[in-house]
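Engineer: one predicted model, sequence on top.
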Amino acid sequence: MYRTLERRLIQRLRDFLRRTYDLDLVKIVVEQPPKVELGEYAMPLAFELAKKLRKAPRKIAEEIISGIGPIEGFDKLEVAGAGYINARVNRAEMATALLADEKSQVEVPPGMILVEHSSINPNKAAHIGHLRNAILGDTFVRLLRFAGREVDVQNYIDNTGVQVADVVVGFLYLQRKSRAEIEQLSAQPRFDYYCWDLYARASQWYEQDKQNLQARVKTLHEIEAGGNETAAIAEIISVAVLRRHLETMDRLDIEYDFLPRESEILRLHFWDAAFTKLKAAGVLFYETEGKNKGCWVMRRAGTGKSLATEDTGATEKREIKPEDLRTDVYLSGSPAVRITHIPTGIVTTSDFEKSEKKNRQRAIELLRSELVKRDGESGVPARPDGRDARRSPEPEDVAEEDQKVIVRSNGTVGYVGKDIAYHMWKFGLLGRDFAYRRFYLYPNQHQCWISATEGEPDHPHFGDVAEIYNVIDARQAEAQSTVIEALRGLGHNEAADHYTHFSYEMVALTPRCAAELGYQLSEEDKARSYIEVSGRKGFGVKADDLLDRLIASAKSEVDARHPQLTDDERRTIATRIAIGALRYFMLKYTKPSVIAFDFKEALSFEGDTGPYAQYAVVRATNIFRKGGFDPETFAANLLADDFVKYFGDESGTEIWELWLTAAKTAYVVDQSVATTEPAYLAKHAFQLAQLFNYFYHRHPILTEADEGRKKFLLATVEVVRRELIRTLAVLGISVPPVM
């Protein structure tokens, strides 16, 4: 309801501005007042209009309020301060809609969205860093589906790369295993653990003598060529490890629709098709001198003189006026700063730095960059020769240091080249397709498909999508930008505009967590804020080990609290708590934050944690159980009109804030999708649980003597319970019956 009323308010304001001032504003900023007593919405609109209309903001605000007329769902608009417009909703109408769980009709953009996440190299067990990627990606899929979008979930498998080659080297050169022996080992329950150790050993073997790296080169070449014994062994290893990855992710209720593999991109000649198009469009050119002689190269992303800087000056010169900014500071592991640029509605957030001042500076730098980008995309001037200014430049335009090698002088294509071809396929721009075969059937009967050179005739349609979100860590930013620039160079600007690098930072361990896992730490390590992990060194936390450890810790707590339950029941409850704790911990930090994982913090039943939010639902359910009511049907026959008087009494404002927060689920989902930031929904869950627990301790619900007020309090519990369950489900968290 909060989202619905906001959209209605914006549309009425937009109509009024056209009718009265002949103004058509693309963006009308709507904020939330600092206190619910001031209303439910606040608009700085009059400040933005002051220069255009040459009037004082307060005068404009008064004109808007007096001329706009009644708005359905609102009691009134008011002027606040120097010109803010505050809007008060009709509480009875909003409460009625919330009780009835009314769903407003929202226009959903057409087209399939492709979300690619996880993309773990199939050479060893998944680790804690992979879990952040997978949980972020899966939650974003859930957010999109909640918003009504159709989503295709893919997991790109690099089964011909150097990481797989290193494990093959370990088997063939260090252990001298035969194909039959490797195949037998691959059938073992935790083959991915075996490969974890072997991968680290191979890395150490390379360090002992650089000549050993020749084994890697030879193995990699044979895998890429295919049709030989080494390639067959690589297939056995990568498929077995991939199955283990899917089993691990299924423990977290994470599923995929399609697994495109690099081997098919090579053998179905995707790159050849892309190479032809890139050369013809002038995106790639052959370098005849310098360090890149003999290579096919393109301009390195971000090195060219942008359209924005040609017309408006360098990014750092982009003027930002203090009066155009609204700054919010909140705690999210650090003093996070969110900057809203009122004229455009652009929002930037920084919580990466430890100080508020530095986060403020970083947020403004991000804003300035976004404004320059916006300026540049507002129009695409033609070059004197008639070519699109966003197309690739001629060879002589690109300095050597600005060149990105796509095809090496020996004729082999690099990772980015294959990625360009793959993304052309995603958008339906390549003119080629995979063959498909069934690969993995989930316990819920969902079928996951995999790419093949020869497949099954009847299969779902993949690729040819409208939008792409790639969940890939921040270190891949340049490669992702290069793919986008290649699409632009080919003239596919619309595709490039709908290609999003869903970037995030790494996961590390707190020193306490590393010590608990048995790692030896120096005194210097113990003083660090976090300890980085390294797969090559074998230092890190395997995903399954982490889940097992969390479940065991949660079960010890459940065993103590509920000894009357069977062991299976206690384990099921502990599993839900552990998975909720892990998913929430990975989601509560904004994506640019480095996460230092800690067992004790994640499993805490207090504070900003998954178990805290789960416990609020359990507590709400227990109220109905003790009272002998069914929470699913309790609100069906209630009328919110009967509750208006309670919203107006001494504690009414505090309880209304709880209802209002419950009404914001869809609004926060929209915000999370628009900013690609699931942390906002995690924060919503925590705020709702926190407000509910405060309400629970303040009001004796089942012992309330006034029958009408008792129904009102129970209705409050049900609305919050429903929205918390819904919010946690989007976060991939289920609620156990007891805790």
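Structural biologist: Arrived safely, thanks for sending. Residues are numbered from 1 along each chain as shown.

Engineer: quick one: the strands in the stretch 251-400 of the chain?
Structural biologist: With DSSP state E, counting those that start in this stretch as the criterion, the stretch 251-400 of the chain has strands at 258-259, 285-286, 296-299, 325-331, 335-341, 346-350.

Engineer: compare these and say which comes out lowest on pLDDT.
Structural biologist: Note on the strands of the stretch 251-400 of the chain: strand 325-331 shows the lowest mean pLDDT, a mean of 66.

Engineer: make TSV out of the strands of the stretch 251-400 of the chain and add distance to Ala596 and mean neighbour count.
Structural biologist: C-beta coordinates here come from the backbone N, C-alpha and C atoms, glycine included. Formatted as TSV, the strands of the stretch 251-400 of the chain follow (distance: least, CB to CB, whole Å; neighbours: other CB atoms under 10 Å):
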stretch	distance to Ala596	mean neighbour count
strand 258-259	31	22
strand 285-286	45	17
strand 296-299	38	22
strand 325-331	16	13
strand 335-341	16	21
strand 346-350	18	21
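
Engineer: closest one to Asp641 among those?
Structural biologist: strand 325-331 (35.3 Å; CB to CB).

Engineer: and the lengthiest helix in the chain, what does it pack against?
Structural biologist: If you go by DSSP state H, the chain has its longest helix at helix 707-730. Where contact means 3 or more CB pairs under 8 Å, 6 or more residues apart in numbering; DSSP states H and E, helix 707-730 is packed against helix 91-99, helix 128-146, helix 610-627, helix 644-647, helix 652-662, helix 665-674, helix 679-698.

Engineer: sorry, back to before: mind checking which of the strands of the stretch 251-400 of the chain is nearest Lys600?
Structural biologist: strand 325-331 (19.4 Å).

Engineer: would you state the helices of the stretch 251-400 of the chain in chain order?
Structural biologist: 262-267, 270-280, 307-312, 356-377 (DSSP state H, counting those that start in this stretch).

Engineer: pick the most deeply packed of those helices.
Structural biologist: helix 262-267 (a mean of 21; mean count of other CB atoms under 10 Å).

Engineer: for the chain, what helix or strand is lowest in average pLDDT?
Structural biologist: helix 307-312 (a mean of 37; mean pLDDT, DSSP states H and E).

Engineer: would you turn the helices of the stretch 251-400 of the chain into a markdown table with distance to Ile223?
Structural biologist: Listed next are the helices of the stretch 251-400 of the chain as a markdown table, based on distance: least, CB to CB, whole Å:
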| stretch | distance to Ile223 |
| --- | --- |
| helix 262-267 | 8 |
| helix 270-280 | 16 |
| helix 307-312 | 42 |
| helix 356-377 | 40 |
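
Engineer: could you tell me the least trusted of these?
Structural biologist: helix 307-312 (a mean of 37).

Engineer: quick revisit: the longest helix of the chain vs helix 610-627, what angle?
Structural biologist: 140 degrees (axes from the mean of the first three to the mean of the last three CA atoms, to 10 degrees).

Engineer: one step back: right, and the helices of the stretch 251-400 of the chain - which one's nearest Glu6?
Structural biologist: Nearest of the helices of the stretch 251-400 of the chain (CB to CB): helix 356-377, 22.6 Å.

Engineer: helices or strands up against that closest one?
Structural biologist: helix 307-312, strand 325-331, strand 335-341, strand 346-350.

Engineer: number of nearby residues for the residue lying closest to Asp402 once chain neighbours are set aside?
Structural biologist: Spatial nearest neighbour of Asp402, excluding adjacent residues (CB to CB, 6 or more residues apart in numbering): Thr303 at 4.0 Å. Close neighbours of Thr303, defined as other CB atoms under 10 Å, add up to 14.

Engineer: now swap in Thr344 and tell me
Structural biologist: The number of residues packed around Thr344, counting by other CB under 10 Å, is 16.

Engineer: and the pLDDT for it?
Structural biologist: So Thr344 comes in at 71 (pLDDT).

Engineer: is it in contact with Leu325, as I believe?
Structural biologist: No - using CB atoms under 8 Å, Thr344 is not in contact with Leu325; the gap is 11.1 Å.

Engineer: which residue ranges of the stretch 101-250 of the chain form strands?
Structural biologist: Under DSSP E, counting those that start in this stretch, the stretch 101-250 of the chain gives strands at 112-116, 150-154.

Engineer: now those strands as TSV including mean neighbour count, distance to Ala399 and mean pLDDT?
Structural biologist: Formatted as TSV, the strands of the stretch 101-250 of the chain follow (neighbours: other CB atoms under 10 Å; distance: least, CB to CB, whole Å; pLDDT from 0 to 100):
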stretch	mean neighbour count	distance to Ala399	mean pLDDT
strand 112-116	22	33	98
strand 150-154	20	36	98
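
Engineer: wait, which of these is closest to Phe439?
Structural biologist: Of those, the one closest to Phe439 (CB to CB) turns out to be strand 150-154, at 12.6 Å.

Engineer: now do that closest one and strand 112-116, the angle between them.
Structural biologist: Using the same axes, to 10 degrees: strand 150-154 against strand 112-116 is 30 degrees.
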